[in-house]
Every structure is written in C-alpha cells, then in structure tokens.
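J.: here's a sequence, model it:
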Amino acid sequence: MGRNTAADAASALRLLNSPDMRQNPEHGPRERRAPSSTPGAPLNISVVDYVTRQVGQIVDYTVSVTPQPKPLPERLEDVYDWCIEQTGEADDTERRRRDTLIETHALEHAIRLGETDEVCKHPCPRCGCWGLEWDHGGNRALCLNRRCRTPDGSASTWTPARLAGQKVRRTEIWRRNAT
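T.: Numbering: from 1, shown residues only. Model prediction:
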C-alpha cells in the first residue's frame, strides 16, 4: 500500500474533525415548541465518537505491533503516517493487517463524508464485476449483478473492511507479479 491511501485517510479524517462537521446539525421543525429542560450538545457527538473510535483503532494496532512507539503526533490527521513509521519493521502479516486497517478507514471516511462512489471503485468479491453500489439502509456495499446472489437468493453485500482486505490482497499480488 502506498502513501496515497494513508494520505486519503488522513485528509478525510481532517475533514471529519473540522469545525463544520462537528457542528450539531439542525433537524426537525423550526417553529416554536416547548423548551427542553436541558440544552442540546454544542457539537455533533456522533462525529466526535466516530473520530475517537477510528484514531483509537490505529493507536491500539500500533501499540500491539510496536510496544514502545514514539509519542502521538500533534495533528490528528498525521496518525496514519505515524502508524506507518512505527510499524515499518513489522512482518508481512502485520503490514497487510495495517494496510487493510488504513484502507478500511479511508473507505469508511469517504462514505461518512457522503462520497459513496468510492465503493464503485472496488470489484465484487464474489463475482468480480465492477457493479457495487452503497446501500445506505444496510450500511454495506451491494452487488448489482443479478446472478451474484447468496445461497438463499439475496443480493451479495459486503462491508468496507471486506472490500479493503480484497484491495490489499489484489495490490500485493500485482506487486509480486510485476517483478
């Protein structure tokens, strides 16, 4: 995995952590109603929780591979480069796991930002066609090929982690065969 995926993930994380995304969205009617006994949160708690959870996954992974890592970077979006630097001496299995985690985060960040077209850039793991679409209701990628069905007849669906794992394996095979 190149630095492009880590840079994409860092850029998306920076956008998710921006004040514009952290503002509490205005939902519901704008007309007068009974006042609440407690004020609403001044920021979007779901975005804060999401960013905290994603950074926590990267930190936990890095600490599991490198027991004494350097301190975390000051800027939040630098956490992916920090992870790559700290786990650079890891074995191939751990590097694949790291690359899959970063690729998963890049895909999840893009989906969270509304860029669901990123899913279309991945082939279906079952049939190999390039007909994936993001299903907002199921929160999964959906294969649009009519012949690509599960044994019970439902359409094939995939998590971002599965698509990221497939991309990392595919990239590794391409690198191995390129020499």
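J.: distance from the helix or strand hosting A141 to the middle of the chain?
T.: Using DSSP states H and E, A141 maps to strand 140-143. Centre-to-centre, strand 140-143 and its host chain are 15 Å apart (CA atoms, centre = their mean, to the nearest Å).
J.: alpha carbons of that strand, in CSV - could you do that?
T.: The C-alpha trace of strand 140-143 is given here as CSV (Å, rounded to 0.1, in the frame of the first residue of the first chain):
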residue,chain,number,x,y,z
ARG,A,140,-23.0,-2.2,3.2
ALA,A,141,-21.8,-2.4,-0.4
LEU,A,142,-24.4,-4.1,-2.7
CYS,A,143,-23.6,-6.1,-5.9
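J.: and for it, what's in contact with it?
T.: Outside strand 140-143, the residues that touch it by CB atoms under 8 Å, 6 or more residues apart in numbering are 119, 122, 124, 126-127, 129, 131-135, 155-160, 163. Where C-beta positions appear, they are placed from N, C-alpha and C, glycine not excepted.
J.: again with stretch 67-78
T.: 10-11, 13-14, 17, 51, 55, 59, 62-63, 79, 81-82, 85-86.
J.: which of those count as buried?
T.: 10-11, 13, 17, 51, 55, 59, 62, 79, 81-82, 86 (16 or more other CB atoms under 10 Å).
J.: could you pull out the helices for this structure?
T.: Per DSSP state H, the chain carries helices over the ranges 3-16, 19-22, 45-65, 79-86, 92-112, 160-178.
J.: flag the least confident of the buried ones among the contacts of stretch 67-78.
T.: Lowest pLDDT among those: N17, with 83.
J.: residues contacting that residue?
T.: Contacts of N17 (CB under 8 Å, 6+ apart): 47, 51, 76-77.
J.: could you rerun that using 10 Å?
T.: Listed by CB atoms under 10 Å, 6 or more residues apart in numbering, the contact set of N17 reads 47-48, 50-52, 54-55, 75-77.
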